[in-house]
Structure formats: C-alpha cells, structure tokens
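Asker: model the structure of this input:
(chains A and B)
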Protein chains: 2
Amino acid sequence: MATPHEPKQDRSRATRQRLLAATIDCLAETGWAAATVAVVAERAGVSRGAAQHHFPTREDLITAALEYMFDTRNDQAKHEAAALSGLVEGVARTEAVVAGLVESYTSVLFKAALQVWTHAAADPALRERIVPLEAKFGRASHRRAVEALGVDDRDPVAHHLVQATLDLARGLGLADVLTDDSTRRKQIVTQWSATLHTALHPD
Amino acid sequence: MATPHEPKQDRSRATRQRLLAATIDCLAETGWAAATVAVVAERAGVSRGAAQHHFPTREDLITAALEYMFDTRNDQAKHEAAALSGLVEGVARTEAVVAGLVESYTSVLFKAALQVWTHAAADPALRERIVPLEAKFGRASHRRAVEALGVDDRDPVAHHLVQATLDLARGLGLADVLTDDSTRRKQIVTQWSATLHTALHPD
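Answerer: Numbers count the residues shown, from 1 in each chain, chains lettered A, B, ... in the order given. Below you'll find the model as predicted:
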C-alpha cells in the first residue's frame, strides 16, 4: 500500500501491480465477461480514472495481465528449481520436476490465462497481441524444464518428450477446470514420470 | 431439409439437429458471448419461436449442443476404429491410434466445447449440468482408446498411460487454439507413440 512518503513512481508501480493482480483474480473467479477495467479497478481499490490512466483500454489491461502472469510463473519456477537443486536424483527428481510443472497448470494463473486464450480464439485483434507473449513464455518454460530435468535438448527424443510433458501438463490443467481432478492427476504424474525417466535415460 | 411429406416428428428432429450444428459453429467461430438462441436460430434458418420451442433457455441449448458434440465424436471414433481394424500392427498401429485421438482434439467440436468449459468454470449452474456429461464422455473415450490400442485396462501401467495420452491430446488441442500448431504436434505424436508403445509392450 502507498504511503505519503513513497516516491510517486513507486506508488504508480504499486497501483499497476494491484490492478494486474485483481485482473487475474477476476478472470479466474468470474470469467472473461466480468473482467472489465471498471470491475477490476473497484476490486483493486483504485479509482476508475487511475485505472484508465494505466490501462486506457480493456485490451491493454488484459495483455499486461497476461504478461504479469507469465512473469509471476517464471519467478515461481526459478524458486522451485533452486529448491530442488541437488536434493533428489534419478526418477525421484524427474517426478518432482514433472509434479511441479503439472501443479503450475492448475493454479489461479492458469485458470485466468485460460479465460484469455479462449476469448482470443474468437477475437483476432486480441489473439494478435497475445501470440508473441505465448511464444516467449513457451520457450522459457521449455528451457526451464530441460534444465530441471538435466537433459540435452539437442537430442530429439529429449526435446520432444519435454515438449510432450508440457502439453500433458496443459491438458491436465484443463481437466481440473470443472472438477477437482487431483487424485487422478497424481497417479498420472507418477506413471508419466516413470515412463519419461526410462525414455530419457535408457540403460 | 424438411419436405411437406416428411412426418412431423422427423421435421422436428431435423430442426433440432440444425440448431445444434449451428450452435457448435457459432461457439467455435465467434465464441461464447455470441452463441445465443437468437443468433443460432438465425444461422440455422429456424424461426426464433421454433428455436425456443426446442430450447427454452440458452442453458438448454448449450447443454444439448455439448451432448451432440460428444455423440458426434463417439460416432467418428467408431468409424476410425473400424477403418484401422486389422490394417496395421505394432508401433504403426499405436501411432495411428494416438494420431487419430490427438487430431480429434483440434477439431471444431473441441474448439466449441472449450468455449463451454471455460465459461462453465465461472458459472456454477452450467458447470453442474455439464460435469455428468463430461464424466460419461471421458469414460467412453478411455474405453475406446483401450480397445483401439489393444491393451489390458486392468494393468495399472496401461490404464494410466492411456489416461495420460488423452490428457496429452487435450493439451495439444489447447495449444492449437491460437495458432496452427500442426507441425510441432506431428513430431510430438510420433515421439510419444514410440515411447508409449515401448512402455505398453515391454520385451
């Protein structure tokens, strides 16, 4: 929260971040239609004028929120990787990496992003704005998964199986949107990790 | 199209089917918000009164359309399975089954269903109506995949790897919503089919 002694640019940055966090919550909880600049501003406790100063259009707000989701997820992933580092090895490490990856696709961030993707499917102008962000995020996710699994991405088997693991995570995320799918998901993560580990590290 | 000599119940059934097919096209092309009873009726060339006779509320229309999507997909899958039967064996068969499965998640049916799922995520009343349909469809898809792959579903490895393949297909479907992902998808299908085949049929 801003204080009178806080420099103006810090207050401005804090306001921006509150608006973006509120956008994510609105999208995930109440869906695309309800996540307007006015509703988000009220939720964030920011005046409508201030919100419009930061984000003149809804598209500006949504695009910035998607970028904020990706940055937040990248930061989380870095912390997860650091926490894992050197602690476990072998198939246990593969399973820890896969489980962390998959859980990230069941978060509020994924549920908010799903609202944006699905709307963009029928909105060419929004799609054009978010496709480059998606591509950048996809490359960063892939690179992080390769590092965490400790494999050589130049090996086509490793490259495609890491990609498949990210696609599996996305599919499991979508399966969790309507019902709590955590019990089934856990079993699939265990089996996938074992099969992936064998394929990545043949004797 | 109805003719004057067609029995009344056949005309009624044909009208219903035209409305459901138009709903799917509307959802996939123009998204959730645009797929109202009035818009769908116009697209189907059906009077608004007749459309409302079949589907009193939008929820009725959407729920029936989802059921129609699942029935259509089930019929397609039966034809695919019959076409494959006895033609190829070994890893080529596994790849043909996986490829068919994955392609079904990039269809107009998937893109229409995605609009419904994503909206239902923030609409508890709609979610309650569609969760039982989803569960039934999920079980049918799993059973069909088990049969097509010719594996024993009582084996937990086979059971979970078939589930994972369906989740992977769903994730690849979602990846295809904003851009044409077919080149990357083809490589992933080839690699996963090889890995899956080895895991399902260890020497």
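Asker: by mean pLDDT, flag the weakest helix or strand of chain A.
Answerer: Using mean pLDDT, DSSP states H and E, the weakest-scoring helix or strand in chain A turns out to be helix A:58-84, at a mean of 91.
Asker: next SSE after that helix?
Answerer: Counting by DSSP states H and E, the next helix or strand C-terminal to helix A:58-84 is helix A:90-104.
Asker: would you mind getting the angle between that next one and helix A:58-84?
Answerer: Here helix A:90-104 runs at an angle of 160 degrees relative to helix A:58-84 (axes from the mean of the first three to the mean of the last three C-alpha atoms, to 10 degrees).
Asker: now do the helix or strand that A:Ala135 is a member of: which elements does it pack against?
Answerer: Per DSSP H and E, A:Ala135 falls inside helix A:124-149. Contact partners of helix A:124-149 among helices and strands, from 3 or more C-beta pairs under 8 Å, 6 or more residues apart in numbering or on different chains; DSSP states H and E: helix A:58-84, helix A:90-104, helix A:108-120, helix A:156-175. All C-beta spots, glycine's among them, are computed from the backbone N, C-alpha and C.
Asker: for those helices, which one sits closest to A:Leu149?
Answerer: Across the helices and strands packed on helix A:124-149, A:Leu149 has its closest neighbour in helix A:90-104 (5.4 Å, C-beta to C-beta).
Asker: now that closest one: buried residues?
Answerer: Residues A:91, A:93-104 are the ones in helix A:90-104 that count as buried (16 or more other C-beta atoms under 10 Å in any protein chain shown).
Asker: ok so, going back, the least confident helix or strand of chain A near chain B anywhere?
Answerer: No - Helix A:58-84 stays clear of chain B (C-beta under 8 Å from any C-beta of the partner chain), getting no nearer than 11.6 Å.
Asker: quick one, domains of chain A?
Answerer: Domains of chain A are assigned by automatic domain parsing as A:1-56, A:66-200.
Asker: hey, least reliable of those by pLDDT?
Answerer: Here the lowest mean pLDDT among those goes to domain A:1-56, at a mean of 90.
Asker: is chain B within reach of it?
Answerer: Yes - Domain A:1-56 comes into contact with chain B (C-beta under 8 Å from any C-beta), by way of A:28-34.
Asker: ok, so of the residues you listed, who is nearest A:Val162?
Answerer: Closest to A:Val162 out of those is A:Ala28 (27.1 Å), distances taken as C-beta to C-beta.
Asker: residue contacts, the closest one?
Answerer: Going by C-beta atoms under 8 Å, 6 or more residues apart in numbering or on different chains, A:Ala28 touches A:108-109, A:111-112, A:115, B:122.
Asker: farthest-apart pair in those residues, please.
Answerer: Counting by C-beta to C-beta, the most remote pair of the contacts of A:Ala28 is A:Leu109 and B:Ala122, 15.4 Å apart.
Asker: follow-up on the earlier one: buried only: go through the residues of domain A:1-56 next to chain B for me.
Answerer: For the residues of domain A:1-56 next to chain B, buried by 16+ other C-beta under 10 Å: A:28-32.
Asker: quick one: which of those residues sit in helices?
Answerer: Under the assignment DSSP state H, these contribute A:28-30 to helices.
Asker: excluding covalently adjacent residues, which one is nearest to A:Val162?
Answerer: The shortest distance from A:Val162 to any non-neighbouring residue, by C-beta to C-beta, 6 or more residues apart in numbering or on different chains, is to A:Ala145 (5.1 Å).
Asker: can you get me a residue count around the one you found?
Answerer: When neighbours are counted by other C-beta atoms under 10 Å in any protein chain shown, A:Ala145 registers 23.
Asker: quick one: distance of stretch A:90-100 to the chain centre.
Answerer: Averaged C-alpha coordinates place stretch A:90-100 at 19 Å from its chain's average position (C-alpha atoms, centre = their mean, to the nearest Å).
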